[in-house]
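Novice: Next one to model:
(chains A and B)
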Amino acid sequence: MTRRLRLGAQIVAVGIVAALLGLLVWKVAKDTGNDVTGSLAKGGTPTAPAFSLERLDGKGELELESLRGKAVVLNFWASWCGPCRDELPVLEDAWQRWRDKGVVFVGIDIRDLRSDARRFLTRFGVTYPNVYDGKGSTVGRYGTTGVPETYFVDAQGRVVYRIAGPVEEPDDLDEGVELALAGA
Amino acid sequence: MRALLTGCLLALALTVPAAASEQHPTPAELESELICPVCETTLDTSSARIALRMKARIRQRIAAGATKSEIKAEFVEDFGNRVLAVPPKRGFDLLAWLLPLVGLAVATAIVGLLSWRWSRRGRPVEPVRPLDPDLERRLDAELARFE
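Specialist: Residues are numbered from 1 along each chain as shown, chains lettered A, B, ... in the order given. Reported below is the predicted structural model:
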């Protein structure tokens, strides 16, 4: 009886260690290159992770899925980020040029105070839709490495291009938009 | 009676500062209880831009007369429960409080059980063999010389 009890305890202990190891391997495998940024780096065109987030420029939520059929420019930003402020004129100008050609710009404000974000948008006269993601729920799935960062999604919901860091020249942005439109 | 009175006074002595902290929190208290969402350390050890904004907001809200719970709730509304350095004692987060206690209880039970078993096992005592009659006689004779 004692021997059986000891054997049972040993099996349970080994089982727990094996389960924890399995969990570790699964987590490492899951987090390595499986986000949008990782897939893009491997030459893929991953599906843009879905989201439904509170709008900063109005009431209700904006769902990425509702924009299917259009090219979408997703710009991750935060009001406390200096380079995000610097790239705003380029983004706003591009939005005005592309908005009538089946392109939607969406700003995603991450890890920010909601009131700061609203004030920022008003202060800098941003007219394209913006959503609030204070918890940063989209960050891991997109593989965002910082702010600002911009992703270009085609009409079928695939991410085709990414700009890490601020968009400095209109041409950089136009290149991504054209790729997104070409994927339609 | 005296013990009861002492107990009541002690409870009161502990409650008064807690209530004061809730009604009139200091920035330092809140900065040690909230996490910077970018660098994931408490605000008091962070100088990230968002942390500086959060510290400014804390001072602003304290000046406006907000309580500690109200200020924390506002940050949770923006950043979720991850902004709290200590998880709340409800819902799924309650597990963070309970699991260490359960682990400690299980470990204590296992150690107790093993100790009890080991203490019972003991070392078997060999039976005392009677002396050889010849040897016993010689021993008696030797001892008799000293009497």
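
Novice: For the rest of this, base every contact and every neighbour count on C-alpha atoms.
Specialist: OK.

Novice: can you pull out the strands in chain A?
Specialist: Counting by DSSP state E, one finds strands in chain A at the ranges A:52-55, A:61-63, A:71-77, A:103-110, A:130-133, A:149-153, A:159-164.

Novice: For chain A, what lies in contact range of chain B?
Specialist: In this structure, chain A approaches chain B at residues A:80-81, A:111-114, A:134-136, judged by CA under 8 Å from any CA of the partner chain.

Novice: So which of the residues you listed is the closest to A:K59?
Specialist: Proximity to A:K59 was ranked across those by CA to CA; first place goes to A:R114, at 13.6 Å.

Novice: what's the nearest residue to the closest one once chain neighbours are set aside in contact with, if anything?
Specialist: Excluding its sequence neighbours, the residue lying closest to A:R114 (CA to CA, 6 or more residues apart in numbering or on different chains) is B:D78, at 6.3 Å. By CA atoms under 8 Å, 6 or more residues apart in numbering or on different chains, the contact set of B:D78 is A:112-114, A:134-135.

Novice: quick one: B:D78 is in a helix?
Specialist: Yes. B:D78 sits within a helix when classified using DSSP: H, G, I helix; E, B strand; the rest coil.

Novice: Identify the residues contacting residue 21.
Specialist: All of this is about chain A. Applying CA under 8 Å, 6+ apart, we find A:L21 in contact with no residue.

Novice: wait, chain B
Specialist: Neighbouring residues of B:S21 by CA under 8 Å, 6+ apart: B:K68.

Novice: And the helices in chain A?
Specialist: Under the criterion DSSP state H, chain A carries helices at the ranges A:2-31, A:36-41, A:82-98, A:114-123, A:139-142, A:170-182.

Novice: Tabulate the residues of chain A next to chain B (JSON lines), appending pLDDT.
Specialist: Conversion of those to JSON lines gives the following (pLDDT from 0 to 100):
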{"residue": "A:W80", "pLDDT": "96"}
{"residue": "A:C81", "pLDDT": "97"}
{"residue": "A:R111", "pLDDT": "96"}
{"residue": "A:D112", "pLDDT": "97"}
{"residue": "A:L113", "pLDDT": "97"}
{"residue": "A:R114", "pLDDT": "97"}
{"residue": "A:G134", "pLDDT": "97"}
{"residue": "A:K135", "pLDDT": "95"}
{"residue": "A:G136", "pLDDT": "95"}
